[in-house]
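Asker: sequence and predicted structure below; questions after.
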Amino acid sequence: MAESLATTEAAAEIPTLTFADFGVRADIVESLADAGITHPFPIQSMTLPVALGGHDIIGQAKTGTGKTLGFGIPALQRVIAPEDEGYAELAVPGAPQALIVVPTRELAVQVAGDLTTAARRRGARIVTIYGGRAYEPQVEALAAGVEIVVGTPGRLIDLYNKKQLSLKNVRIVVLDEADEMLDLGFLPDVETLMAATPAVRQTLLFSATMPGAVVSMARRYMTKPTHIRAADPDDEGLTKKDIRQVVYRAHNLDKSEVVARILQAEGRGRTIIFTKTKRTAAKLSEELVDRGFAVAAMHGDLGQGAREQAMRAFRNEKVDVLVATDVAARGIDVDDVTHVINYQCPEDEKTYLHRVGRTGRAGNKGTAVTFVDWDDVPRWGLINKALGLDQAEPVETYSSSPHLYTDLSIPAGTKGRLPRNKRVLAGIDAEKLEDLGETGKSGGRRAPRSDSGPRSGGRSSSAGGRSSDRARAPRDGARRSSENGSPAPAAEAPAGGSEQPKSDRPRRNRSRTRRRNGEVVSKAPAAE
């Protein structure tokens, strides 16, 4: 597999150009201009000439560099919309012509949103396919006709196996965040999808890192790809130079107080707080709400509707703090996130990079604060060494530490509660919670199921969790006397009459023996 190499050093010599200078369709250029996007980022300047020429690409770039439009514009330009010439000549008119595969639901929504913005005047139809939502609307959207499908591997495979998704028209395939799909175990599904597309197609693969399995897949399914590495010549480290990184050794019981003061720092805008566990995310978000902040949580115990509600509220500035687990790290793409807080130390350097990469995006500045517990100091040492951060010994920090205020521009005298006159955002409840007909969790924890009756929450149980009278009737009837004072009749014996009912059998008396250290200390005879 022959490869050519393009790097940002060459792109740095390109003067400031517009999208039109790269041969992008006028309707796409106008759509982007309507959204205030006129000049491409470096990776877009490098990708567009190659991709628009129909060549395969392996793109290696840090998160937040703007690669979505780098592959989205070529996809929009390559498809044939219903009003375009040649639409009726397609093998299956209305079947997808571009397939974009991403690892997470949140990333699918973000990519589809960016493409929708660029296609506003183009007339190309875009459908998002991912799990957690009802099948029917997605199937109906595919049946109505679509040019570009953006989806996650699991749901795409489901619809393909059910003959609801045709890949016969596909002429361009994009694999975004390929290394993350490898980590999540999606690579076999991705290869199944790739094998189902026509042999003659264009393939664009983007990944922050290039593990061996990703390289092997690229060699199998790509033809003479151009390898593009987007790195700023002035950015020598593995992390982006636009992100200021602060590391503190903090006590677990004081972390929420420290966070509450950081959230009142000067210039603090949208903020994402990452936790390791769903329980910690839920608990911290509730505590911050109680302290007066506009907070939304996003974690695996929430249904897809609640997760999308949280993201919409965050994007629409109804909340300015999002508490999320690592499952959301890849899918949050909001340009003006000013702060990222690692409430719990990341597991490894890769997780750290994905977390802090949510800030400092699209040329903006950002601040990343990481808390390291005493038990996490060895793990942090490995992360620090791998990334070359030169912060092997985090500074011991408490909510009262003077350096906390000076490091992060927190006004003197700030306390752990947001003053009432600064509580100006509407909050998560101001964003509508959609009913998605979800196939998974509904947003709350499901009540435990009893083996003896229907799920809790129905009308079969009385207040206090006791069984209803109807449920107790058979057992109570056996004990209750009849109206004339005689006992209730015993159950009939089985045919043959050889076996007595269990309640009428004579009770066996057993002797009781007590032992201590294996020796008998007392023995009571059987009761008469």
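Answerer: Okay, I see it.

Asker: in the sheet, who's paired with the nearest residue to residue 397 once chain neighbours are set aside?
Answerer: Leaving aside its chain neighbours, residue 397 sits nearest to residue 248 (3.8 Å; criterion: Cβ to Cβ, 6 or more residues apart in numbering). C-beta here means a position set from N, CA and C on the backbone, and glycine is covered the same way. Beta-bridge pairing for residue 248 (DSSP bridges): residue 371, residue 395.

Asker: how close does residue 248 get to residue 353?
Answerer: For residue 248, the distance to residue 353 equals 19 Å [Cβ to Cβ, to the nearest Å].

Asker: picking up where we left off before, could you tell me which residues make contact with the residue nearest to residue 397?
Answerer: 258, 369-372, 394-397, 404 (Cβ atoms under 8 Å, 6 or more residues apart in numbering).

Asker: mind redoing it with 10 Å?
Answerer: Neighbouring residues of residue 248 by Cβ atoms under 10 Å, 6 or more residues apart in numbering: 255, 258, 262, 342, 369-372, 391, 394-398, 401, 403-404, 407-408.

Asker: buried ones among the residues you listed?
Answerer: Neighbour counting by 16 or more other Cβ atoms under 10 Å classes 255, 258, 262, 342, 369-372, 391, 394, 397, 401, 404, 407-408 among the contacts of residue 248 as buried.

Asker: in helices, which of the residues you listed fall?
Answerer: 255, 258, 262, 404, 407 (DSSP state H).

Asker: with distance to residue 148 as added columns, please give the residues you listed in a markdown table.
Answerer: What follows is those, written out as a markdown table (distance: Cβ to Cβ, whole Å):
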| residue | distance to residue 148 |
| --- | --- |
| 255 | 43 |
| 258 | 44 |
| 262 | 40 |
| 404 | 47 |
| 407 | 45 |
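
Asker: got CSV for the residues you listed, with distance to residue 268 and pLDDT too?
Answerer: What follows is these, written out as CSV (distance: Cβ to Cβ, whole Å; pLDDT from 0 to 100):
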residue, distance to residue 268, pLDDT
255, 17, 96
258, 14, 97
262, 7, 97
404, 14, 96
407, 13, 96
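
Asker: quick check: the farthest pair among those residues?
Answerer: 255 and 407 (15.9 Å; Cβ to Cβ).

Asker: so where is the stretch 1-150 of the chain shaky, pLDDT-wise?
Answerer: In the predicted model of the stretch 1-150 of the chain, residues 1-15, 62-64 satisfy pLDDT under 70.

Asker: can you give me the helices for it?
Answerer: All helices of the stretch 1-150 of the chain, identified by DSSP state H, counting those that start in this stretch, fall at 8-11, 26-34, 42-52, 67-78, 105-118, 135-144.

Asker: can you pull out the strands in the stretch 101-250 of the chain?
Answerer: Ranges of strands within the stretch 101-250 of the chain are 126-129, 148-151, 172-175, 202-207, 226-230, 243-250, based on DSSP state E, counting those that start in this stretch.

Asker: out of those, flag the one nearest residue 428.
Answerer: For residue 428, the closest of those is strand 126-129, at 22.5 Å, according to Cβ to Cβ.

Asker: packing partners for that closest one?
Answerer: Counting contacts by 3 or more Cβ pairs under 10 Å, 6 or more residues apart in numbering; DSSP states H and E, strand 126-129 packs against helix 67-78, strand 98-101, helix 105-118, helix 135-144, strand 148-151, helix 153-161.

Asker: that strand pairs with which strands?
Answerer: Strands that pair with strand 126-129, judged by DSSP bridges, come out as strand 148-151 (parallel).

Asker: how is this structure carved up into domains?
Answerer: The chain breaks down by automatic domain parsing into domains covering 4-230, 243-429.

Asker: for the last one, how far is the first residue from the last?
Answerer: Right, domain 243-429. The first and last residues of domain 243-429 sit 32 Å apart, counting by Cα to Cα, to the nearest Å.

Asker: tell me how far that domain lies from the chain's centre.
Answerer: Its chain's average C-alpha position is 16 Å from that of domain 243-429, according to Cα atoms, centre = their mean, to the nearest Å.

Asker: cool, the longest one as well?
Answerer: Here domain 4-230 shows a centroid-to-chain-centroid distance of 20 Å under the convention Cα atoms, centre = their mean.

Asker: export the domains of the chain to CSV and append columns for distance to residue 437.
Answerer: Shown next, in CSV, are these (distance: least, Cβ to Cβ, whole Å):
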stretch, distance to residue 437
domain 4-230, 3
domain 243-429, 9
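
Asker: and of those domains, who's closest to residue 435?
Answerer: domain 243-429 (6.5 Å).

Asker: any idea how many residues pack against residue 212?
Answerer: Residue 212 has 8 neighbours, counted by other Cβ atoms under 10 Å.

Asker: now it: how far from residue 353?
Answerer: 19 Å.

Asker: cool, residue 198 as well?
Answerer: According to Cβ to Cβ, residue 198 stands 35 Å off from residue 353.

Asker: those two: which is more packed in?
Answerer: Comparing residue 198 with residue 353 by neighbour count (other Cβ under 10 Å), the higher total belongs to residue 353, at 21 against 12.

Asker: the helix or strand harbouring residue 340 packs against which elements?
Answerer: For residue 340, the host element (DSSP states H and E) is strand 337-342. With contacts taken as 3+ Cβ pairs under 10 Å, 6+ apart, strand 337-342 sits against strand 243-250, helix 255-262, strand 270-275, strand 321-325, helix 349-356, strand 366-372.

Asker: looking at those, which is closest to residue 335?
Answerer: Once these are compared by Cβ to Cβ, strand 270-275 is nearest, at 9.3 Å.

Asker: what residues does the helix or strand following that closest one touch?
Answerer: Sequence order places helix 278-290 as the next helix or strand after strand 270-275, per DSSP H and E. For helix 278-290, the surrounding residues in contact (Cβ under 10 Å, 6+ apart) are 255-257, 259-260, 263, 273-275, 277, 293-302, 310, 319, 321-325, 327-328, 341, 343-344, 416-418, 427-428.

Asker: try it again at 7 Å.
Answerer: 256, 260, 273, 275, 295, 297, 299-301, 321, 323-325, 343-344 (Cβ atoms under 7 Å, 6 or more residues apart in numbering).

Asker: among those residues, which ones are buried?
Answerer: Neighbour counting by 16+ other Cβ under 10 Å classes 256, 260, 273, 275, 295, 297, 299, 321, 323-325, 343-344 among the contacts of helix 278-290 as buried.

Asker: tabulate the helices of the stretch 1-150 of the chain (JSON lines), appending distance to residue 222.
Answerer: Formatted as JSON lines, these follow (distance: least, Cβ to Cβ, whole Å):
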{"stretch": "helix 8-11", "distance to residue 222": "22"}
{"stretch": "helix 26-34", "distance to residue 222": "25"}
{"stretch": "helix 42-52", "distance to residue 222": "13"}
{"stretch": "helix 67-78", "distance to residue 222": "14"}
{"stretch": "helix 105-118", "distance to residue 222": "20"}
{"stretch": "helix 135-144", "distance to residue 222": "26"}
